[in-house]
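Student: here is a sequence together with a model predicted from it:
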Amino acid sequence: MTQIKNSTVKKANQNTNRYLQSQMQKDMIIERLKENGCRITKQRLLLLDVILENECSSSKEIYYKASSIDRSIGTATVYRMINKLEEIGAINRKNMYKLACSDKCEMENACTIELDDNTVYHFSAKNWYNVVKEGLKACGYLNTQNIQNVTVQQCECNGENCR
């Protein structure tokens, strides 16, 4: 009984942390948009919510989710918002994809890794999952759990003075 209670509390804490992190991201993005002369309209706020709360992998997917909430949102509005978010550095279209990890996934070329000597490795989703899983085990981060998903953000320091 205590284990179920602890599990429920842990999930509630994780959800609260995700909400707070998402709200902080949203507030920072809104501030950057204002600094760049953008009006913060209801449609922009809705698009920002859709982007932050969903795992959208394309502009079209963002449009469909947003237009199901507000029919007046057009594709041009979505594309302009995505361009503006990319312009202020809030998103990077190259990295809008989130990799759902599974050792059963058969997708080829799910991940490409390029080394500084220009060596390039292409991993299937299954191989990428195994590389991440073994790396986490080797570093002591993973015991019996399974990886649910991996989100990678591109570093903008070009490998110098990374923080």
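Tutor: Alright, I've got the coordinates. Residues are numbered from 1 along each chain as shown.

Student: quick one, what contacts residue 25?
Tutor: Residues near residue 25 by CB atoms under 8 Å, 6 or more residues apart in numbering: residue 52. No exception for glycine: its C-beta is placed from N, CA and C like everyone else's.

Student: now stretch 45-58: mean pLDDT?
Tutor: Mean pLDDT, computed over stretch 45-58, is 83.

Student: repeat for stretch 67-77
Tutor: pLDDT averaged over stretch 67-77 gives 93.

Student: can you give me the pLDDT of residue 25?
Tutor: pLDDT, residue 25: 79.

Student: okay, helices next: where are they in the chain?
Tutor: Per DSSP state H, the chain carries helices over the ranges 2-35, 42-53, 59-69, 75-87, 125-138.

Student: between those helices, which one is closest to residue 113.
Tutor: helix 125-138 (8.8 Å; CB to CB).

Student: ok, and for the closest one, which residues are buried?
Tutor: For helix 125-138, a neighbour-count test (16 or more other CB atoms under 10 Å) marks 125-126, 128-129, 132-133 as buried.

Student: again with stretch 31-40
Tutor: For stretch 31-40, by 16+ other CB under 10 Å, it's 32-33, 38.

Student: let's have those in TSV, adding pLDDT.
Tutor: As requested, the buried residues of stretch 31-40 are exported to TSV (pLDDT from 0 to 100):
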residue	pLDDT
32	89
33	91
38	91
